[in-house]
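Visitor: Need coordinates for the below:
(chains A and B)
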Amino acid sequence: MKAFKEKTAFCFPGQLQEKPMLEDHHSLRGDPHFKELLKRASSQTKFDLLNFSSGGEKKEDDLSLKLQIATYLLSMIHFYRLRTAGWIPDIFAEHSMGIYSALAASEAISFEEGLFITEAIGRLLKREGAIHRGGMASIIGLPLEEIQKICQDLNGFQLSIANYNGSMHFVLSGEEGGVEKAISLALSRKAVSATRLAFNTALHSPLLHSLREEIIEILQDIKIQPLKVPILNHWTIKPLRREEIKDFISQEIGRPVYWIRCVEKLLEEGFTQFIEVGYEASLTKLMRWIDREVEAFSAGDRL
Amino acid sequence: MVELNDRLIEKIKQLIIQRLKLVDMTPEMIENDAPLFGEGLGLDSIDALELVLGLEKEFGVIIPDAEVGKKVFQSVRTMAQYVLEHQGTA
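Guide: Down below sits the predicted model:
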């Protein structure tokens, strides 16, 4: 047993890129939090996580929306599991749409309100994708300067950096036509990998600024409660203040995610444990690249 | 083709475990010819970046681009073969 209390950050990931596999023998299936939250979710939304997971829903039109809701539910289930197992976080960090589960876990909003926001903004993004089709590409193995050059060399297509995930890992977002061009440029300039992500909207790019007013409307009846655990704002690198939360949510989908900045700040502050509150280990892998020595794991892998 | 030996295969497995921090795995659990990505060991492109850096640091071997990476990272055996053929040529 350690003689001192380690500083622990819970990290809430953004949208899953693939359907979660929750087969009959999966350890989550027998978990009481899993059963309870799925029941509560099904009374509010038509989304069925188990049906989605098993591939029962063939229609792919709503794939992004379903992945967003699935991500939210799985993060909340893992959060309650961690809490039951005795883990006590000192701060929350969040990546992209991980903000909704981070807010619900901090009790700034309820589980149901978080689900409502996730679904409502997801539907807005779906509509936006149908009108102005956009896309996103993950580029791994090129430094920032190369990524910036790629954005300038797209023959007029507008793409911008949507995620600063690590010194060699960025996500670009913007006009659909520019995505394939960016991927091909990245590969020709020796990227280790350049792949399209499962989004048909230009998430975290200025092209989505126009949705801000509609998001404010979605949030208007929600009363933000005092946060039980602080959430780090990755733009200011300070804890998100209660009064700025609605504004943060309304702007978030049109601005980049500065994940690396967020993690570096926490490391500076002496955080030594980073626990990913989700199904996958995407943030845990990013952590490994930023600081190999620190303890990082995903609740989905360990619990 | 230069012949592979068990020691190099073992070193490649150790490299995978250490770089990717696969704390619950041992070299014996990784098969020489099993796919590393997707259905096999389940690695992804972020893992590939770690392996690129690991090969460079540990063996001085460069993976010049994604196309070569795709071929090299098929399995432990293809990684070892690439190291054997390119060590000292960088």
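
Visitor: Where does the most centrally placed residue in chain B sit, in terms of helix or strand?
Guide: By Cα atoms, centre = their mean, chain B has its centre lying nearest to B:M79, at 4.2 Å. Assigned by DSSP states H and E, B:M79 falls within helix B:76-86.

Visitor: give the contact list for A:R255.
Guide: A:H204, A:W235 (Cβ atoms under 8 Å, 6 or more residues apart in numbering or on different chains). To be clear about C-beta, it is placed using only N, CA and C from the backbone, and glycine gets the same treatment.

Visitor: ranges for the helices of the chain?
Guide: Answering for chain A, as no chain was given. A:32-42, A:49-53, A:63-84, A:98-105, A:111-131, A:144-152, A:176-188, A:212-219, A:245-252, A:259-268, A:282-290, A:299-302 (DSSP state H).

Visitor: Can you look at chain B instead?
Guide: Counting by DSSP H, chain B has helices at residues B:6-19, B:45-59, B:66-72, B:76-86.

Visitor: any chance of these in JSON lines, with mean pLDDT and distance to chain A too?
Guide: JSON lines is the format used below for the helices of chain B (pLDDT from 0 to 100; distance: least, Cβ to the nearest Cβ, whole Å):
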{"stretch": "helix B:6-19", "mean pLDDT": "94", "distance to chain A": "8"}
{"stretch": "helix B:45-59", "mean pLDDT": "93", "distance to chain A": "4"}
{"stretch": "helix B:66-72", "mean pLDDT": "93", "distance to chain A": "5"}
{"stretch": "helix B:76-86", "mean pLDDT": "95", "distance to chain A": "14"}
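
Visitor: Just the pLDDT at whichever residue of the stretch 201-303 of chain A sits closest to chain B, thanks.
Guide: Going by Cβ to the nearest Cβ, chain B is nearest to A:K285 of the stretch 201-303 of chain A, at 4.4 Å. Predicted confidence (pLDDT) for A:K285: 93.

Visitor: Name the nearest residue to it, ignoring sequence neighbours.
Guide: Excluding its sequence neighbours, the residue lying closest to A:K285 (Cβ to Cβ, 6 or more residues apart in numbering or on different chains) is B:I46, at 4.4 Å.

Visitor: Double-check that neighbour against A:L283; I have them as touching.
Guide: No - assessed by Cβ atoms under 8 Å, B:I46 is found out of contact with A:L283, at 10.4 Å.

Visitor: if we can go back for a sec, just name the most buried of the helices of chain A.
Guide: Highest mean neighbour count of the helices of chain A: helix A:98-105, a mean of 27 (counted as mean count of other Cβ atoms under 10 Å in any protein chain shown).

Visitor: That one packs against which elements?
Guide: Helix A:98-105 is packed against strand A:7-12, helix A:63-84, strand A:91-94, helix A:111-131, helix A:245-252, with contacts defined by 3 or more Cβ pairs under 8 Å, 6 or more residues apart in numbering or on different chains; DSSP states H and E.

Visitor: mind checking which of these is nearest chain B?
Guide: strand A:7-12 (14.9 Å).

Visitor: Just checking that closest one against chain B, any contact.
Guide: No - in terms of Cβ under 8 Å from any Cβ of the partner chain, no part of strand A:7-12 sits within range of chain B; the closest distance is 14.9 Å.

Visitor: Adjacent strands (with direction) for that strand?
Guide: strand A:91-94 (parallel), strand A:271-276 (parallel) (DSSP bridges).

Visitor: Need those strands in a markdown table (columns: mean pLDDT and mean neighbour count).
Guide: Shown next, in a markdown table, are these (pLDDT from 0 to 100; neighbours: other Cβ atoms under 10 Å in any protein chain shown):
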| stretch | mean pLDDT | mean neighbour count |
| --- | --- | --- |
| strand A:91-94 | 98 | 25 |
| strand A:271-276 | 96 | 22 |
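
Visitor: Please convert these to CSV, extending it with distance to A:E176.
Guide: Shown next, in CSV, are the strands paired with strand A:7-12 (distance: least, Cβ to Cβ, whole Å):
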stretch, distance to A:E176
strand A:91-94, 27
strand A:271-276, 30
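
Visitor: domains for chain A, by residue range?
Guide: For chain A, automatic domain parsing gives the domain ranges A:7-131+A:205-302, A:134-196.

Visitor: My read is that A:R196 contacts A:I139, right?
Guide: No - the pair A:R196 and A:I139 does not pass the contact test of Cβ under 8 Å, sitting 10.7 Å apart.

Visitor: Give me the common contacts of the two.
Guide: A:I183.

Visitor: between these two, which one's more packed in?
Guide: Legend: neighbour count by other Cβ atoms under 10 Å in any protein chain shown for A:R196 and A:I139, higher for A:I139 (27 against 13).

Visitor: so how far is stretch A:85-92 off the chain centroid?
Guide: 19 Å (Cα atoms, centre = their mean, to the nearest Å).

Visitor: Endpoint to endpoint, that stretch covers what distance?
Guide: This stretch, stretch A:85-92, spans 17 Å end to end (Cα to Cα, to the nearest Å).

Visitor: Sort out which residues of that stretch are buried, please.
Guide: Buried residues in stretch A:85-92, counted by 16 or more other Cβ atoms under 10 Å in any protein chain shown: A:W87, A:P89, A:D90, A:I91, A:F92.
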